[in-house]
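1. Compute the structure for the input listed below.
(one chain, ligands or ions: 1)
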Amino acid sequence: MKRIAVLTSGGDCSGMNAAVRAIVRSCLASNLEIIGIQKGFQGLIDRYYEVLSTKSVSNVLQRGGTFLQSARCKEMYDEAGQRLAAENLAGLGVEGLIVLGGDGSLKGALALAKRHVRVIGIPASIDNDIPFTDMALGVDTALNNIARAVDNIKDTASSHDRAFLVETMGRNCGYLAVVSAIACGAEYSLIPEEPFDLEAICQELRRRYQQGRSNSIIMVAEGAGNAQKIGEQIKDKIGFETRTIVLGHYQRGGSPTVFDRLLAARFGQAAVVNLLKGEHGKMLGLINSRMVLTPLDDVIGAGIRPIDKLLLRLANNLAI
Ligand code: F6P
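-> Below is the predicted model of the structure:
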């Protein structure tokens, strides 16, 4: 193997740059040429790329986002786009591809694997909805961003006897809302995986208000409903004055945490080492603190990673 390529795809997340740096450095240490495809699969179809060197990845480790840039590429869902992407890789003399991204990007990676591209996927998405990994890259940084925001919100909420609905990202996965509820002491986390009874929640919040609590925080995963609308529904029923904040893309950026930097380094190095060993058509995951490969077919076939019931129970037990 002489030349491999890397791309970052889908929603960016913190740690992508650190992972690309680890990939570049691991390649150069093994005398492999490494090219960076710009703008994800779109760049692969349109042939936007650059040869990467240590200089290309100097001073990027601590930066959020992705210097290679990313895109959501509709053409990769079509046979024609997939064929062109595979042909372009062959034309560039690329013998192995590393794809960083979430479920859509890993589907793209699988499509290429089925066209005989030797590909390794790295789970990178703040949603933590990818199965066969305990954590995806970027999740820890997003959680820290959310925690910082909620801590600030609690200061102002408790100064005014207010309840805040805080909407987190995550698509159809409630992981960010549940974990941040535990980490920030929120009263509730409304998530798509679990039904919730808004009337019962209102009664309980009113009881707490009457007991003299100074604030309430309700985390709302975007997949569970629109926090603004839920806020409108409950505002006259809970005693607390109500405000809503949608954290949005704020969650995705910023300097990666040490956890994400370390995970990026491990994923990046393991991707190169495994390609060199002849592994392909697989996704790396962090399972019980170890790097584990799982066939992309299994990853995609498993659908969304289910929410951990123990986490849910912990959030409920601590929110009395
Ligand atoms: O998948 C990552 C994610 O941030 C989701 O949590 C969110 O729903 C979506 O991407 C937002 O996508 P975009 O950046 O295209 O608006």
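
2. wait, what's in contact with the closest residue to the ligand within the stretch 101-250 of the chain?
-> Of all residues in the stretch 101-250 of the chain, the one sitting closest to the ligand is Met169 (3.2 Å; C-beta to the nearest ligand atom). No exception for glycine: its C-beta is placed from N, CA and C like everyone else's. Met169 makes contact with 126-127, 142, 176, 222, 247-249, 251-252, according to C-beta atoms under 8 Å, 6 or more residues apart in numbering.

3. Please repeat the previous calculation with a cut-off of 10 Å.
-> 11, 125-127, 142, 146, 176-177, 221-223, 246-252 (C-beta atoms under 10 Å, 6 or more residues apart in numbering).

4. again, but for Gly36
-> 5-8, 20, 23-24, 43, 48-52, 56-57, 66-69.

5. Tell me the spacing between it and Leu311.
-> 36 Å (C-beta to C-beta, to the nearest Å).

6. Pro195 now?
-> On the measure of C-beta to C-beta, Pro195 and Leu311 end up 17 Å apart.

7. who's more crowded, those two?
-> Taking other C-beta atoms under 10 Å, Pro195 and Leu311 do not tie; Leu311 has more neighbours (16 against 8).

8. Can you give the distance of the helix or strand bottoming out on mean pLDDT in the chain from its chain's centre?
-> Least confident helix or strand, the chain: helix 309-318 with a mean of 94, by mean pLDDT, DSSP states H and E. Put simply, helix 309-318 sits 22 Å off its chain's centre (C-alpha atoms, centre = their mean, to the nearest Å).

9. That one packs against which elements?
-> helix 175-184, strand 188-190 (3 or more C-beta pairs under 10 Å, 6 or more residues apart in numbering; DSSP states H and E).

10. Pro306 and the ligand, how far apart?
-> Relative to the ligand, Pro306 is positioned 17 Å away (C-beta to the nearest ligand atom, to the nearest Å).

11. And the helices in this protein?
-> 16-29, 40-46, 79-91, 103-113, 139-159, 175-184, 198-210, 227-234, 258-277, 296-302, 309-318 (DSSP state H).

12. got the angle between the fifth one and helix 258-277?
-> To tie it back to what came earlier, the one meant is helix 139-159. 160 degrees (axes from the mean of the first three to the mean of the last three C-alpha atoms, to 10 degrees).

13. From the chain's centroid, how far away is helix 139-159?
-> The answer for helix 139-159 is 18 Å, by C-alpha atoms, centre = their mean.

14. do the same with stretch 200-211
-> Counting by C-alpha atoms, centre = their mean, stretch 200-211 comes out at 34 Å from the chain centroid.
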